[in-house]
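In: Any chance you could fold what I've pasted below:
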Amino acid sequence: MKKHVNSAHLNIYAVINLLQKEQSLASISRSRDDMGAATPKRRKNKVKTDERLMKSWQRYDASRTDIPVFLKGDGMRCPSKR
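Out: This next block holds a predicted model:
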């Protein structure tokens, strides 16, 4: 919803319109999911990051790694704001 806002302080009517647009987008994606359509493709780097984090969590859950090692590894490899 943030990408559709063009000012810092909106009036109530603009908020209502934004919420209605958001609801219609959500209902469209829900109906698409119900029909069995494929999910939209994600960027390759996001997919790789998610896979790496899932593997780290699985290692942590299986007690093959402790908290400091987890935090030094993939757990803290988040993109930083510059």
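
In: and Ile67, how many residues sit next to it?
Out: 9 (other Cβ atoms under 10 Å). Quick note: C-beta positions are derived from backbone N, CA and C, even for glycine.

In: residue contacts, it?
Out: Tyr60 (Cβ atoms under 8 Å, 6 or more residues apart in numbering).

In: For Lys21, report the pLDDT, please.
Out: Note on Lys21: pLDDT of 90.

In: now the helices for this structure?
Out: Secondary structure of the chain (DSSP state H): helices located at 12-35, 44-61, 67-72.

In: What's the local residue count around Asp61?
Out: Neighbours around Asp61, by other Cβ under 10 Å: 9.

In: Same check on the one 5 residues further on?
Out: Residues lying near Asp66 (other Cβ under 10 Å) number 9.

In: And for Val5?
Out: The number of residues packed near Val5 is 12, by other Cβ under 10 Å.

In: The closest residue to Leu10 other than its chain neighbours and Met54: what is the separation?
Out: Closest residue to Leu10 apart from its sequence neighbours, by Cβ to Cβ, 6 or more residues apart in numbering: Leu18 at 7.5 Å. In this view, Leu18 and Met54 are 34 Å apart by Cβ to Cβ, to the nearest Å.

In: and the gap between Ser63 and Val5?
Out: 45 Å.

In: Glu51 now?
Out: 33 Å.

In: In terms of mean pLDDT, which of the helices of the chain ranks lowest?
Out: With a mean of 72, helix 67-72 has the lowest mean pLDDT of those.

In: re earlier: so which of Leu18 and Met54 has more stuff around it?
Out: Each of Leu18 and Met54 has its neighbours counted (other Cβ under 10 Å); Leu18 has more, 15 against 11.

In: Could you double-check that that one lies in contact with Asn6?
Out: No. Using Cβ atoms under 8 Å, Leu18 is not in contact with Asn6; the gap is 10.3 Å.

In: Would you mind giving the domain segments of the chain?
Out: Following automatic domain parsing, the chain resolves into domains at 2-35, 44-76.
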